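*Asks:* Pasting the sequence and the predicted coordinates here, then a few questions.
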Amino acid sequence: MSAADAIDVIRLDGGDEVVVASRDIRLGETVSVPGRGRVEVRSSVPRGHKLAITPVSAGDTVSKYGVVIGVASADIKPGDHVHIHNLTMTDPESDYEFGTARRTLPVPEGRRPTFDGYRRADGKVGTRNYIGILTSVNCSAGTAKMIADQFRGSALDEYTHVDGVVALTHGSGCGLVSGSDGADVLTRTLRGYAAHPNMAGLLVLGLGCEMLQADRIVDPTTLPESTLIETMTIQETGGIRKTVRAGVAAIEKMLGPVNDLQRESVDVSELTLGLNCGGSDGYSGITANPALGVASDLLVAYGGTSILAETPEVFGAEQLLTRRAVSPEVGRKLLKRIEWWKEYAAAGGGSLDNNPSPGNKAGGLTTILEKSLGAIAKSGSAELVDVLAYAEPVTARGLHFMDTPGYDPVSVTGIVAGGANIVCFTTGRGSVLGCKPSPSIKLATNSDLYARMREDMDLNCGGIVDGSESVDEAGRRIFDCVLEVASGRRTVSEELDLGQDEFQPWQLGTVT
């Protein structure tokens with residue numbers, strides 16, 4: 001796409017009935033449409049929103065990216081603003097294919113990239129060196145935060161290789177039905193964080209009488225032998241004040257050994273990259289998401305791992321993933337989760353096409369079909385090797401899909417529990433999520449957002465809109481940034497000390 005093409009609108013596919021405004025367009029303007037000449041605008045169109053370039057009758061389909069995103073709910077004329085007032089949902093495609101779009105990614109020529117990470121005893125590699133405080137139940141959350149607060153400010157100045165002491169608390173742990181999905185999800189999430197390669201030391205803190213006992217979080221079969229571990233309960237230790245003193249003493253003993261750990265050069269294949277988006281807009285599927293897909297493909301080509309998630313936000317476009325599945329079984333695992341979500345949403349009085357959110361719509365997204373097409377772009381073109389349950393550990397290399405809600409803190413918590421040692425997070429409206437113990441790289445989809453929230457964004461992908469950068473160029477820039485951050489460069493969310501309160505395990509099932 002040339003700069004001249006990007007002045008007025010972006011045309012994504014020659015067969016699309018709509019284009020995307022690359023700037024705010026006023027009523028009465030005449031705009032240049034690549035391949036179609038000029039179109040007179042019949043209503044104002046905000047940047048990122050859709051402009052009709054061909055007539056569409058009520059009941060006919062409307063395409064973007066060359067794929068149907070909805071049905072016209074009223075007659076649409078060239079120059080009309082196309083949005084919620086004249087475009088509605090259509091039934092998503094259900095003619096699924098498995099493995100018909102599999103592609104082996106070529107390994108790039110030249111020297112293999114490396115990063116400086118912390119090699120653990122089990123062979124995994126951390127990008128950060130944290131001491132974590134995990135709570136088995138909400139009743140011990142306040143105490144855990146009191147302990148972590150003792151290590152804020154200048155308390156760790158002499159421990160230059162310790163990234164922090166982080167209390168990861170939650171709102172559950174008791175009143176759950178033993179053996180239920182809810183209990184299993186919470187246990188799996190906490191065990192995933194306990195065994196995370198970015199955790200070098202661990203204090204597991206419980207109350208003492210809860211359903212999920214603290215010692216159940218420590219699974220010796222998944223924890224590296226080098227992880228320093230202490231487990232205690234408030235009741236056995238003698239109350240909150242005694243527990244705070246005991247917890248602080250336990251962590252002080254860990255600081256020296258954890259600080260002695262050193263980064264070493266390791267192959268890029270040791271990275272597990274979490275892919276998430278939040279606060280999406282009409283540019284997400286054009287700029288940051290496909291650019292992140294390029295970076296993900298590069299990582300997978302080198303033998304690394306990526307995790308796509310947010311099941312409700314691939315709904316309607318899941319056929320694009322089943323076509324890339326390495327086997328029919330993997331493809332059907334994804335479809336099974338989609339069906340579960342339909343029932344889950346209906347049981348709560350909703351449906352999966354309730355999405356997009358008000359912020360998404362303000363940014364130009366109209367239907368979940370349109371949003372899902374852009375969201376899947378984060379995964380690039382790699383083969384889909386597996387579909388994981390929420391917080392299920394990744395055990396194979398390549399691109400995975402994890403079943404998570406679309407709510408960002410819950411989704412990213414599951415991805416990190418699965419083993420992501422670094423996360424890339426795209427946003428068009430301005431999401432600011434952190435996710436300790438893994439660094440979160442924020443990718444702005446448009447230059448206006450980047451300028452407005454410069455102190456909260458790591459990279460700008462808006463140059464793709466004005467033609468100053470291609471998707472491939474932006475993707476390689478993201479890939480380089482991933483390597484730098486994995487080697488220790490702090491992200492903006494880390495500079496702000498975000499990521500402790502955003503730990504939000506998915507809460508499912510009956511609470512008694």
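*Replies:* That came in fine, so what should we check first?
*Asks:* could you point out where the chain is predicted with low confidence?
*Replies:* 1-7, 93 (pLDDT under 70).
*Asks:* need the helices for it, in chain order.
*Replies:* 141-149, 181-194, 234-237, 240-259, 288-301, 318-322, 328-347, 358-362, 368-376, 408-417, 447-452, 463-466, 471-486, 492-495 (DSSP state H).
*Asks:* Now find how far off-centre stretch 346-365 is within its chain.
*Replies:* What separates the centre of stretch 346-365 from the centre of its chain is 18 Å, taken as C-alpha atoms, centre = their mean, to the nearest Å.
*Asks:* From residue 300, how far out is residue 385?
*Replies:* 9 Å (C-beta to C-beta, to the nearest Å). All C-beta atoms are positioned from the backbone trio N, CA, C, and that covers glycine.
*Asks:* With neighbour numbers in mind, choose between the two.
*Replies:* Set residue 385 next to residue 300 and count neighbours by other C-beta atoms under 10 Å: residue 300 wins out with 23 against 19.
*Asks:* any idea what sits nearest the more buried one, other than its immediate chain neighbours?
*Replies:* For residue 300, ignoring the flanking residues on the chain, the nearest one in space by C-beta to C-beta, 6 or more residues apart in numbering is residue 382 at 4.4 Å.
*Asks:* Run a quick neighbour tally on that neighbour.
*Replies:* 23.
*Asks:* Now for the residue nearest the centre of the chain: which residues touch it?
*Replies:* Nearest to the geometric centre of the chain sits residue 276, at 1.8 Å (C-alpha atoms, centre = their mean). Going by C-beta atoms under 8 Å, 6 or more residues apart in numbering, residue 276 touches 309, 310, 378, 408, 411, 412, 415, 423, 424, 425, 426.
*Asks:* Can you get me a residue count around residue 497?
*Replies:* Neighbours of residue 497 under the rule other C-beta under 10 Å: 12.
*Asks:* Show the contacting residues for it.
*Replies:* Listed by C-beta under 8 Å, 6+ apart, the contact partners of residue 497 are 164, 434.
*Asks:* Tell me the spacing between it and residue 178.
*Replies:* Taken as C-beta to C-beta, the span from residue 497 to residue 178 is 36 Å.
*Asks:* how much space between residue 254 and residue 284?
*Replies:* Note on residue 254: its distance to residue 284, by C-beta to C-beta, is 41 Å.
*Asks:* more neighbours, these two?
*Replies:* Each of residue 254 and residue 284 has its neighbours counted (other C-beta under 10 Å); residue 284 has more, 32 against 21.
*Asks:* Make sure that one is actually in contact with residue 376.
*Replies:* No: contact criterion C-beta atoms under 8 Å: residue 284 and residue 376 do not qualify, at 11.1 Å.
*Asks:* about what we covered before: for residue 292, see how far away the residue nearest to the centre of the chain is.
*Replies:* According to C-beta to C-beta, residue 276 and residue 292 sit 10 Å apart.
*Asks:* Could you name every residue contacting both of those two?
*Replies:* 378, 424, 426.
*Asks:* which parts of stretch 482-497 are buried?
*Replies:* Residues of stretch 482-497 classed as buried: 482, 483, 485, 486, 488, 491, 492, 493, 494 (neighbour count, 16 or more other C-beta atoms under 10 Å).
*Asks:* I'd like those laid out as a markdown table, including distance to residue 174.
*Replies:* Below are the buried residues of stretch 482-497 laid out as a markdown table (distance: C-beta to C-beta, whole Å):
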| residue | distance to residue 174 |
| --- | --- |
| 482 | 39 |
| 483 | 42 |
| 485 | 37 |
| 486 | 37 |
| 488 | 38 |
| 491 | 35 |
| 492 | 36 |
| 493 | 31 |
| 494 | 32 |
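*Asks:* What is the nearest of the residues you listed to residue 28?
*Replies:* residue 492 (40.6 Å; C-beta to C-beta).
*Asks:* Now for that closest one: which residues touch it?
*Replies:* By C-beta under 8 Å, 6+ apart, the contact list for residue 492 reads 442, 455, 456, 457, 458.
*Asks:* Reformat those as JSON lines; add distance to residue 161 and neighbour count.
*Replies:* Listed next are the contacts of residue 492 as JSON lines, based on distance: C-beta to C-beta, whole Å; neighbours: other C-beta atoms under 10 Å:
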{"residue": "442", "distance to residue 161": "25", "neighbour count": "27"}
{"residue": "455", "distance to residue 161": "27", "neighbour count": "9"}
{"residue": "456", "distance to residue 161": "27", "neighbour count": "19"}
{"residue": "457", "distance to residue 161": "28", "neighbour count": "23"}
{"residue": "458", "distance to residue 161": "23", "neighbour count": "21"}
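*Asks:* And residue 220, its phi and psi?
*Replies:* Backbone geometry at residue 220, expressed as degrees, to the nearest 10, gives phi -60, psi -20.
*Asks:* ok, how many other residues are close to it?
*Replies:* Using other C-beta under 10 Å, residue 220 has 7 neighbouring residues.
*Asks:* Same check on residue 350?
*Replies:* The tally of other residues near residue 350 (other C-beta under 10 Å) stands at 12.
*Asks:* Report the separation between the residue of the chain positioned farthest from its centre and residue 477.
*Replies:* Ranked by distance from the centre of the chain (C-alpha atoms, centre = their mean), the top residue is residue 238, with 40.4 Å. Going from residue 238 to residue 477 by C-beta to C-beta gives 54 Å.
*Asks:* Repeat that for residue 32.
*Replies:* Distance, residue 32 to residue 477, using C-beta to C-beta: 28 Å.
*Asks:* between the two, who's got more neighbours?
*Replies:* residue 477 (19 against 13).
*Asks:* The more buried one reaches residue 463, doesn't it?
*Replies:* No: taking contacts as C-beta under 8 Å, residue 477 lies outside contact range of residue 463: 9.5 Å.
*Asks:* Overlap in contacts, these two.
*Replies:* When contacts are counted by C-beta under 8 Å, 6+ apart, residue 477 and residue 463 have residue 469 as shared neighbours.
*Asks:* re the thing from before, residues contacting the residue nearest to residue 300?
*Replies:* 103, 105, 296, 297, 300, 301, 306, 324, 398, 399.
*Asks:* ok, 7 Å please
*Replies:* Counting by C-beta atoms under 7 Å, 6 or more residues apart in numbering, residue 382 makes contact with 105, 296, 297, 300, 398, 399.
*Asks:* most neighbours, which of those residues?
*Replies:* Comparing these by number of neighbours (other C-beta under 10 Å), residue 296 comes first, having 30 neighbours.
*Asks:* Isn't that one up against residue 377?
*Replies:* No: Residue 296 lies out of contact with residue 377 (C-beta atoms under 7 Å); the separation is 9.9 Å.
*Asks:* Tell me the residues that contact both of the two, please.
*Replies:* Counting by C-beta under 7 Å, 6+ apart, nothing touches both residue 296 and residue 377.
*Asks:* What residues does the nearest residue to residue 174 once chain neighbours are set aside make contact with?
*Replies:* The shortest distance from residue 174 to any non-neighbouring residue, by C-beta to C-beta, 6+ apart, is to residue 210 (4.2 Å). Residues in contact with residue 210, defined by C-beta under 7 Å, 6+ apart, are 136, 137, 139, 173, 174.
*Asks:* Looking at the residues you listed, which is nearest residue 329?
*Replies:* Nearest to residue 329 among the contacts of residue 210, counting by C-beta to C-beta, is residue 173 at 34.2 Å.
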